[in-house]
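**Student:** Generate coordinates for the sequence data below:
(chains A and B)
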Amino acid sequence: GAVVSQHPSRVICKSGTSVKIECRSLDFQATTMFWYRQFPKQSLMLMATSNEGSKATYEQGVEKDKFLINHASLTLSTLTVTSAHPEDSSFYICSAPEAAGGIDEQYFGPGTRLTVT
Amino acid sequence: GQQLNQSPQSMFIQEGEDVSMNCTSSSIFNTWLWYKQEPGEGPVLLIALYKAGELTSNGRLTAQFGITRKDSFLNISASIPSDVGIYFCAGRPTSGGYQKVTFGTGTKLQVIP
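**Tutor:** Down below sits the predicted model:
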């Protein structure tokens, strides 16, 4: 149980275009999902908390107009990187909390590698 | 903001050796988590700790929640090549998966067969 998927796993886009990344909870419902960004050889940095049916909560320093989050259903959250630039190239990872095996914690997706050229 | 420092930053060990790594915080946490991340993948939860002083095992892995609530330790016994990866600690001031966590800086482990 507690499987989280992401799509696509890799994407390359041109500077100025927008890219949508999907995060799905496959065998459970998630009213909350978290979006992280990870630069090479660095730790995971929380970008925002996605809330089903309401606005996302963004961490300090994260531009909400650039990183659009939509949590339209109990199993799907999307992150859209608008007007992407090369500095947005990163590994984007989502997670969703679930009580699996008696442990109530966040379970992570496999990540999406975004490269902006 | 809160920071979690892990040490060592990286380590090379011989297969069969035991490994120890730790994580320290500038503030108190009431939940400590240990994750492993392999290249190109998302982190996988290894151990969750919820009580100061708690010692929890998962196979060859053992983690402890420090008494001060500002640190945690992870030990891996009899390392094998598949232990290779980056180990992250994570902390949270409250309990419950719906609360956000802060990740540590990571310890990169490489095992020499």
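
**Student:** List the buried residues of the longest strand belonging to chain A.
**Tutor:** Criterion DSSP state E: the longest strand present in chain A is strand A:90-100. Using 16 or more other Cβ atoms under 10 Å in any protein chain shown as the test for burial, strand A:90-100 gives A:90-98, A:100. From N, CA and C alone the C-beta is placed, and that goes for glycine too.

**Student:** Any residues of chain A in contact with chain B? List them.
**Tutor:** Neighbours of chain B within chain A, by Cβ under 8 Å from any Cβ of the partner chain: A:4, A:6, A:32, A:34, A:42-46, A:49, A:93, A:95, A:97-99, A:103-111, A:113.

**Student:** and residue 57, how many neighbours does it have?
**Tutor:** Went with chain A since none was named. 16 (other Cβ atoms under 10 Å in any protein chain shown).

**Student:** could you do chain B instead?
**Tutor:** 11.

**Student:** Just list whatever residues bridge to it.
**Tutor:** B:T62 (DSSP bridges).

**Student:** Just the element for B:S79, please.
**Tutor:** Following DSSP states H and E, one finds B:S79 outside all helices and strands.

**Student:** list the contacts for it?
**Tutor:** B:13-19, B:60, B:109, B:111 (Cβ atoms under 8 Å, 6 or more residues apart in numbering or on different chains).

**Student:** next one: A:A56
**Tutor:** A:48-50, A:64, A:69, A:71.

**Student:** By neighbours, which of the residues you listed wins?
**Tutor:** Going by other Cβ under 10 Å, A:S50 tops those with 25 neighbours.

**Student:** looking at this, that one is in a strand?
**Tutor:** Yes: A:S50 forms part of a strand when assessed by DSSP: H, G, I helix; E, B strand; the rest coil.

**Student:** Quick check: it vs A:Q60, distance?
**Tutor:** 17 Å (Cβ to Cβ, to the nearest Å).

**Student:** Could you check how many residues crowd around the nearest residue to B:E38 once chain neighbours are set aside?
**Tutor:** What sits nearest to B:E38 in space, not counting adjacent residues and going by Cβ to Cβ, 6 or more residues apart in numbering or on different chains, is B:G85, at 4.7 Å. Using other Cβ under 10 Å, B:G85 is surrounded by 20 other residues.
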